[in-house]
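*Asks:* The sequence and its predicted three-dimensional model are supplied below.
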Amino acid sequence: MTKIRKKYTFSPQIIIKAKESRNRKCRWYVSLTFVLSLFFIPTSTLGYDVTEEFSVGGVLAGTYQYLSVNDAPDTSDGGKPAVSVQPEMSFRLTEVDAFFIKFGFAAGNGLNTKSPFALTVWDADLEDDVKDINGRNRDYLLTAWYKHTFQFREALALELSGGLVDSTVYLDENAFANDQYNQFLNAAFVNAPTGFFPTYDIGGALQLLYGKFSVNGVYMDVGKNDDDNNYQFCGIQLAQALESSLGKGNYRVTVDATSEDFLDTEGEHKDRLAAVTLSFDQQFGDIVGAFIRIGLQDDKAAVEWEKLYSGGINVSGGLWGRQQDNIGIGVAYLDGGNQDLDDSLVAEAYVRFVLNQFLATTLDCQYLKDDVNGSKNPEGIIAGIRLTAEF
């Protein structure tokens with residue numbers, strides 16, 4: 001899902017001065033102070049373009065998650081915080097030309113480096129993720145692309161983008177399970193783990209929009225994979241939006257593949273990755289929505305999972321008189337690939353409360369279990385709270 005951020009300007013009442021420091025406590029203090037100060041920004045200052053051609057936006061999110069785990073001798077119970085900040089800028093050069101740039105900064109890795117589970121428990125760009133991105137020796141700059149739009153007629157348009165791109169913006173979209181800052185935290189519900197969608201590297205993207213039908217395509221040259229090999233990625237998504245008596249629905253098929261630069265289980269030969277992902281979301285009236293995601297991955301190369309089956313529901317806060325609040329519940333089963341992991345099971349539930357025009361908080365609980373060949377099978381619960389500010 002392409003994430004549309006609200007535009008903002010900083011209130012003159014708030015000034016945060018912080019010198020660069022390696023002291024992590026200082027960084028946490030600055031991040032926390034900034035988040036808390038958002039409560040006092042007058043909402044009338046939001047939604048303002050700097051000029052007609054230039055606008056700024058972004059997201060700031062922080063979590064604290066606590067892990068309680070069994071059958072994981074090397075992992076103890078405990079909690080950790082993390083903060084992710086992603087400011088972005090958009091330049092409208094002409095009616096059909098635009099330039100976009102996004103940065104990523106973070107403090108801490110949260111439970112992602114402590115958890116014994118194969119799936120990432122908060123699929124955000126944290127401290128390790130925004131440094132030496134894809135082995136390119138590039139820090140903090142996530143995306144920077146130029147886009148040109150060809151408007152053939154009212155219902156037909158082609159958008160072409162090039163630069164540093166993120167394939168997840170164009171592929172495997174979903175209305176209810178695609179945003180780690182406002183929806184589910186676990187990676188199983190953000191994008192299909194069987195889909196290996198690369199982010200933040202050199203490439204191009206196209207979006208062909210024809211009424212309620214669309215075709216998205218992405219090609220990327222990725223600096224380095226886990227085998228320290230440069231590789232090429234190509235993906236295409238076909239999507240159809242439907243309006244019925246039930247409500248809005250979106251039905252998508254994504255096919256993606258890489259060059260032969262991934263080692264097999266023996267570490268001797270290189271093979272490609274290839275996958276097919278189905279991602280559906282459907283609204284049932286004004287209150288309830290549902291999603292399904294199914295993924296199948298080729299296992300010629302060494303892969304963690306071969307199949308994904310996930311689904312869940314979304315309940316609007318209109319049920320209790322707060323239209324912008326929502327509840328999300330999801331379950332995912334991942335069938336192991338050709339390595340030591342037999343399968344993974346994840347269940348997650350969250351409730352999100354919108355506090356004002358730009359700030360929301362989420363209470364979240366995850367249940368995770370991995371079955372590992374000839375080893376302990378970690379099983380645990382992760383409870384957390386997330387605070388997100390979008391501008």
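*Replies:* That came through, no problem.
*Asks:* all contacts plus neighbour counts: C-alpha atoms, from now on.
*Replies:* Will do.
*Asks:* Which SSE is immediately downstream of the helix or strand bottoming out on mean pLDDT in the chain?
*Replies:* Ranking every helix and strand in the chain by mean pLDDT, DSSP states H and E puts helix 24-37 at the bottom, with a mean of 44. Heading C-terminal from helix 24-37, the first helix or strand you meet, by DSSP states H and E, is strand 54-70.
*Asks:* Who are the packing partners of that next one?
*Replies:* If you count contacts as 3 or more C-alpha pairs under 8 Å, 6 or more residues apart in numbering; DSSP states H and E, strand 54-70 packs onto strand 78-92, strand 379-390.
*Asks:* Next, format these as TSV and append mean pLDDT.
*Replies:* TSV is the format used below for these (pLDDT from 0 to 100):
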stretch	mean pLDDT
strand 78-92	97
strand 379-390	97
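*Asks:* Figure out which of those is closest to residue 328.
*Replies:* strand 379-390 (14.1 Å; C-alpha to C-alpha).
*Asks:* Burial check on residue 179, number of neighbours?
*Replies:* 21 (other C-alpha atoms under 10 Å).
*Asks:* do the same with residue 355
*Replies:* By other C-alpha under 10 Å, neighbour count at residue 355 equals 13.
*Asks:* doesn't residue 387 make contact with it?
*Replies:* No. If you go by C-alpha atoms under 8 Å, residue 355 and residue 387 don't touch, sitting 10.0 Å apart.
*Asks:* measure the spatially closest residue to residue 69 that is not a sequence neighbour to residue 343 for me?
*Replies:* What sits nearest to residue 69 in space, not counting adjacent residues and going by C-alpha to C-alpha, 6 or more residues apart in numbering, is residue 380, at 4.0 Å. In this view, residue 380 and residue 343 are 15 Å apart by C-alpha to C-alpha, to the nearest Å.
*Asks:* now the strands for the stretch 101-250 of the chain?
*Replies:* Using DSSP state E, counting those that start in this stretch, the strands of the stretch 101-250 of the chain run over 105-107, 141-153, 156-165, 201-210, 213-222, 231-243, 248-258.
*Asks:* Flag every buried residue along the third one.
*Replies:* It refers to strand 156-165. 157-165 (16 or more other C-alpha atoms under 10 Å).
*Asks:* same thing with stretch 199-211?
*Replies:* 199-209.
*Asks:* So which of those residues is the closest to residue 223?
*Replies:* residue 201 (7.4 Å).
*Asks:* Number of residues surrounding residue 388?
*Replies:* 21.
*Asks:* Just list whatever residues bridge to it.
*Replies:* For residue 388, the beta-bridge partners are residue 61, residue 360 (DSSP bridges).
*Asks:* Low-confidence stretches in the protein?
*Replies:* 1-48 (pLDDT under 70).
*Asks:* switch the cut-off to 90
*Replies:* 1-52, 73-74, 154, 268, 357, 373-376, 391 (pLDDT under 90).
*Asks:* closest one to residue 299 among the helices and strands packed on strand 54-70?
*Replies:* strand 379-390 (25.9 Å).
*Asks:* Mind giving me the packing neighbours of that closest one?
*Replies:* For strand 379-390, the packing partners by 3+ C-alpha pairs under 8 Å, 6+ apart are strand 54-70, strand 359-372.
*Asks:* angle of the last one against strand 379-390?
*Replies:* Between the axes of strand 359-372 and strand 379-390, defined by axes from the mean of the first three to the mean of the last three C-alpha atoms, to 10 degrees, the angle is 150 degrees.
*Asks:* The first one too?
*Replies:* Our comparison of strand 54-70 with strand 379-390, counting by the same axes, to 10 degrees, yields an angle of 160 degrees.
*Asks:* buried residues in strand 54-70?
*Replies:* 55-69.
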